[in-house]
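[1] predicted model and sequence follow; I will ask about them next.
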There are 2 protein chains.
Amino acid sequence: MTETTGGRRGGGRAARRAARAEASAVSVPYITRTLKPFEVLDDEQLSLIESNADTLLEQVGIDFRGYPEALTLFAGAGAEVDGERVRFPRGLARHIVQATAPTQFTQVARNPAHNVEIGGTSTVFAPAYGSPFVRDLDGGRRYGTIEDFRNFVKLTYMTPFLHHSGGTVCEPVDLPVNKRHYDMVYAHMRYSDKPFMGSVTHPLRAEDTVSMARILFGADFLEEHTVILSLANANSPMVWDATMLGAAKAYAEANQAVLITPFILAGAMSPATVVGAATQTLAESLAGMAFCQLVRPGAPVVLGSFASSMSMQSGAPTFGTPEPALILYVMAALARRLGVPFRSGGGLTASKIADAQAAYESANTMQPTMLGGVNFVLHTAGWLEGGLTMGYEKFILDVDQAAGWHAFAPGVDMSPNGQAIDALLSNDPGTHFLGHPHTLANFERAFWRSTNADNSSFEQWDLEGARDANVRANETWKRMLAEYEPPPIDETVDEELREFIERKKASFPDANG
Amino acid sequence: MTETTGGRRGGGRAARRAARAEASAVSVPYITRTLKPFEVLDDEQLSLIESNADTLLEQVGIDFRGYPEALTLFAGAGAEVDGERVRFPRGLARHIVQATAPTQFTQVARNPAHNVEIGGTSTVFAPAYGSPFVRDLDGGRRYGTIEDFRNFVKLTYMTPFLHHSGGTVCEPVDLPVNKRHYDMVYAHMRYSDKPFMGSVTHPLRAEDTVSMARILFGADFLEEHTVILSLANANSPMVWDATMLGAAKAYAEANQAVLITPFILAGAMSPATVVGAATQTLAESLAGMAFCQLVRPGAPVVLGSFASSMSMQSGAPTFGTPEPALILYVMAALARRLGVPFRSGGGLTASKIADAQAAYESANTMQPTMLGGVNFVLHTAGWLEGGLTMGYEKFILDVDQAAGWHAFAPGVDMSPNGQAIDALLSNDPGTHFLGHPHTLANFERAFWRSTNADNSSFEQWDLEGARDANVRANETWKRMLAEYEPPPIDETVDEELREFIERKKASFPDANG
């Protein structure tokens, strides 16, 4: 991170700041929230939504397409199966989930200091996921490559304010579709030591991810520990397809965690109302989580919600708007009632660049993310253009915001030092507090300080080149990449990983599908 | 507001949208919040802060400098007066305020459709206040003029999402300091019909404001109605000075409203902790509100809090950071317990321009503003550079955000239409909702839509010139000013106002102090 307002005063202070940031990285592998979540509905209203979701699962049901095994599992569990349609007697899906799904679990990282708790009062930040494009100030917008992928893994590794390496931090479009997962998973394993996500684009790729994790962690270790998180999106409305079910099964049966996330553009994939979208999200995720529990009871699952509003004129998704925020608050409350971890939120925006639109929309999504109590935050940093682009500068700006949330989460310090009554009583009216012993004692930690924001005077800012937030962020990511050093890895393990990848890649032809 | 993504499709749609916005302006003169405020402390903790504030008022007391009348009033009310120091027996200041200050009041506008309720569940948005500079994309940063002042009054009048004309929307530096208040107050009265704020830079200027309001509304009317709001800042720590007391007295004795606002740069004007700053803010505002109640029992007062964190390195104020957000939540809760309206928040930022920094910081201040339950929001739109600059583009961007809050405030629609259970039950899995009768019925009002955000595809955005949020905002304010038409005014009244101003201006020489 750059030293902005004080940048001219020399590297010593910047180095000390960096050292402190590093220290906090070690001590805070994830955020622990202390404030009660903001609630937008009462228990009776939430109960009504649950009842409506039950009605939807009972009367309409949900299609499990091209995956007969799911139908067999659900029939065996008491659901009514009609072709590929599965209808659930009231309460059945909830019962299956609540019977065995953990309310909270640990995702183990290869560096145990980076293990994360997913669920309860913890919040885990991960970078954005899935964009085919990348953007930076120098080169503009272009297709992502494996070099970009590695860059974002490295940047995520370096910041203490992202706790998780994420998954498809961008699509490495320069590699064949059917083999790029090897390089992606390897990048997370080798260039970071934070927890990561596995491939879901084909069941075999999920199995490859599990195989690689067994090499990294030891085969036995996975039976007892969750080391992979994966993202399974429903094909809304009310469809789960074979690709996602196959990937989810591969992970669940290896005791690895699955984010079950209906991806809803409200008005297109669901009714155009907050409660309509929430009801359907609950129904779809209950069905998906129930599937995982039937595959392997106790496998970790996370209730996911990704909901955007829609421009009813163009059909384009819109972000940072009031309705998705309300959906998030509702879904967070529903997940708490269900007793499973919750995934949502992030620094979402429809803007093509990291301008004021991007920042307003991202902040207006991160606020409900934190105040609503999201446990796993995909897309915390880098997201642009509705997820089509991963931005280098946007990434840095969002990481800075993530840092701020670390300072908000502990809430209000009511200790005697926080109350500062002795300071108040020992200070005369009209006398400033700058030199007061209490101020001096709190100097270092009194206030969170952004590493991107420029708080200097207009004159100083102008003199320094009138750099905007993007220009400053551009300097930051370049400096970080220049300073990157990989975490140590057992060379035998690394060699085994590389041999596995080489053998696998050689065993079938490249294909882009 | 511009029609962004659909701009190419012709003016008819834009005109219809504008008409709808106008309609909503008539029906929503202010926001009525429906959600319970976000709380960061419990009753016991808030009670402890109140007790600490009482201790501060009892043991240290507060200076009322150069204003003997205040000392006389407080001595008569039972406070202990020692020189200019006033010490309050525990609970006295609170008792004076609670005995007579209204919990909520109406500020009457010359157009009754724009009357605002200040207090309770209402939230009133006003533009930024007090900047000597203005900025736009074309001319950069320069001193404000009376033309800029009028421009911001006109823009505020035109948007339905600011409810109040504000006060010193920028300093008209081209006019003499001792006479510019005439032109400022006249601009609010003539170029808008929304409620406004009066001059506080000298007691005589406050009296001039009251005189002009008596011309506009009728002298008798003011005895029974509040038509002026004014801003009195404490000289923190623990000092009220003669200028502010004189202005506050002029308004209070005319039954006009005063925002009693300690302006706290925490670490300089208060201890460098959230609770320390909140405790002092409560003590200072209690003393200021008590003064107004002693001047005229029942005069409307508003508990204000303006708190920023500080760069402990450079001493510069910092905005949109976690600590001021926490102070805001604490102060909002304290105001509710006291039973007076609360002023705080706004679109605050330290950024010199409307870049990503500005937007993150502004959104991170407006979120607690709304979720904390602020009643009167000064600085909703336009604020840049810690308040030193009023930005034309920033104003438009912030107004767009203010529009979004109008859609958030009603909360979740739990009506049968909102639940959309019939839509959910009548839709087959895998079939999108775009053509569903429920979607068509909700098409127009389903989602809030920004008038600045560009949600179009990268290709379309690029084709249209790759305009960022600032460029779009620049087009908007210029179009708005070009389309401005003044509200009607009684010509006799207008003439009387102008004669009053002319007579007054001629009665003493220009001076810049």
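    Yep, that arrived. As the structure is a computational prediction, the values presented were derived from the model and not from experiment.

[2] what about chain A, any weak spots by pLDDT?
    Scanning chain A for pLDDT under 70 picks out A:1-27.

[3] and if we set it to 90?
    Applying pLDDT under 90 to chain A flags the ranges A:1-27, A:219, A:311-315, A:443-445, A:512-513.

[4] next helix or strand past the lengthiest strand in chain A?
    Taking DSSP state E as the criterion, chain A has its longest strand at strand A:257-265. Of the helices and strands lying after strand A:257-265 in sequence (DSSP states H and E), the nearest is helix A:274-295.

[5] helix, strand or coil for the residue of the stretch 1-150 of chain A found nearest chain B?
    Taking CB to the nearest CB, chain B has its nearest neighbour within the stretch 1-150 of chain A at A:D63, 4.3 Å off. For every residue, glycine as well, the C-beta is placed using N, CA and C. Of the three states, A:D63 takes strand under DSSP: H, G, I helix; E, B strand; the rest coil.

[6] give me the beta-bridge partners of it?
    For A:D63, the beta-bridge partners under DSSP bridges are A:R85, A:V239.

[7] for the residue in the stretch 151-300 of chain A positioned nearest to chain B, which non-adjacent residue is closest in space?
    Of all residues in the stretch 151-300 of chain A, the one sitting closest to chain B is A:G276 (3.2 Å; CB to the nearest CB). In space, and not counting its chain neighbours, A:G276 is closest to B:A420: 3.2 Å by CB to CB, 6 or more residues apart in numbering or on different chains.

[8] now swap in A:T145 and tell me
    A:D174 (4.5 Å).

[9] just confirm that neighbour contacts A:F149, I think it does.
    No - counting by CB atoms under 8 Å, A:D174 stays clear of A:F149, with 9.6 Å between them.

[10] show me which of those two is the more surrounded one.
    A:F149 (26 against 14; other CB atoms under 10 Å in any protein chain shown).

[11] my guess is the more buried one contacts A:G167. True?
    No - between A:F149 and A:G167 there is no contact under CB under 8 Å: 10.4 Å.

[12] name the residues contacting each of those two.
    Common neighbours of A:F149 and A:G167, using CB atoms under 8 Å, 6 or more residues apart in numbering or on different chains, are A:M184.

[13] contacts made by whichever strand or helix holds A:V185 with the rest, please.
    Assigned by DSSP H and E, A:V185 belongs to helix A:180-191. Defining contact as CB under 8 Å, 6+ apart, one finds that helix A:180-191 is touched by A:110, A:146, A:149-150, A:153-154, A:157, A:165-168, A:171-172, A:175, A:196-199, A:201, A:205, A:208-209, A:212, A:216, A:486-487, A:489, A:494, A:497-498, A:501, A:504-505.

[14] on that earlier part again, the longest strand of chain A near chain B anywhere?
    No - using CB under 8 Å from any CB of the partner chain, strand A:257-265 never reaches chain B; the gap is at least 9.2 Å.

[15] parallel or antiparallel, list what pairs with that strand.
    Sheet partners by DSSP bridges: for strand A:257-265, these are strand A:228-234 (parallel), strand A:301-304 (parallel), strand A:306-310 (parallel).

[16] report the distance from the shortest one to the chain centre.
    From the chain centre to the centre of strand A:301-304 is a distance of 12 Å (CA atoms, centre = their mean, to the nearest Å).

[17] circling back: torsion angles phi and psi at the residue nearest to A:G276?
    Dihedral pair for B:A420: phi 60, psi 30, per degrees, to the nearest 10.

[18] where do the strands sit along the stretch 1-150 of chain A?
    A:31-32, A:62-65, A:80-82, A:85-87, A:104-107, A:116-119, A:122-125, A:133-136, A:140-143 (DSSP state E, counting those that start in this stretch).

[19] just the stretch 351-500 of chain A next, same as before
    Using DSSP E, counting those that start in this stretch, strands in the stretch 351-500 of chain A cover A:376-377, A:383-384, A:389-391.

[20] please identify the most buried of these.
    strand A:383-384 (a mean of 31; mean count of other CB atoms under 10 Å in any protein chain shown).

[21] look up how far A:A469 lies from the residue of chain A positioned farthest from its centre.
    Distance from the C-alpha centroid of chain A, by CA atoms, centre = their mean, peaks at A:D428 (48.7 Å). Look at A:D428 and A:A469: by CB to CB, to the nearest Å, they are 40 Å apart.

[22] again, but for A:R214
    43 Å.

[23] picking that back up, number of nearby residues for the residue nearest to A:G276?
    29.

[24] equivalent analysis for A:G288, please.
    Residues lying near A:G288 (other CB under 10 Å) number 30.

[25] number of nearby residues for the closest residue to it other than its chain neighbours?
    Spatial nearest neighbour of A:G288, chain neighbours left out: A:I260 (3.7 Å); criterion: CB to CB, 6+ apart. A count of nearby residues for A:I260, using other CB under 10 Å, gives 29.

[26] what sits against A:I260?
    Per CB under 8 Å, 6+ apart, neighbours of A:I260: A:232, A:234, A:248, A:284-285, A:288-289, A:292, A:301-304.

[27] so A:S236, which of the three states?
    A:S236 ends up coil, using three-state DSSP.

[28] phi and psi next, for it.
    phi -70, psi 150.

[29] so which of the strands of the stretch 1-150 of chain A is the most packed in?
    strand A:122-125 (a mean of 27).

[30] what about that one and chain B, touching?
    No - judged by CB under 8 Å from any CB, strand A:122-125 makes no contact with chain B; its nearest approach is 14.2 Å.

[31] which residues touch that strand?
    A:30-33, A:104, A:116-118, A:161-164, A:369-370, A:373-377, A:380-381, A:402, A:405, A:409.

[32] just stretch A:471-482 next, same as before
    A:1-2, A:4, A:136-138, A:151, A:154-155, A:158-159, A:354, A:392-397, A:451-452, A:454, A:465.

[33] residue contacts, A:G167?
    A:126, A:129-130, A:184, A:188, A:196-199, A:229-231.

[34] if we use 10 Å, what do you get?
    When contacts are counted by CB atoms under 10 Å, 6 or more residues apart in numbering or on different chains, A:G167 is found next to A:126-130, A:181, A:184-185, A:188, A:196-200, A:209, A:228-231, A:259, A:378.

[35] show me the beta-bridge partners of A:I31.
    Applying DSSP bridges, one finds that A:I31 bridges with A:T123.

[36] can you tell me how far the residue most central in space within chain A is from chain B?
    Using CA atoms, centre = their mean, the residue of chain A that lies closest to the mean C-alpha position is A:L378, 1.7 Å off. Distance, A:L378 to chain B, using CB to the nearest CB, to the nearest Å: 20 Å.

[37] residues in contact with that residue?
    Contacts of A:L378 (CB under 10 Å, 6+ apart): A:124-130, A:164, A:166-167, A:197, A:229, A:231, A:259, A:261, A:304, A:306, A:343-346.

[38] neighbours of A:T100, just the number please.
    Residues near A:T100, counting by other CB under 10 Å: 15.

[39] for it, which residues are in contact?
    A:290, A:292-294, A:296-299, A:301.
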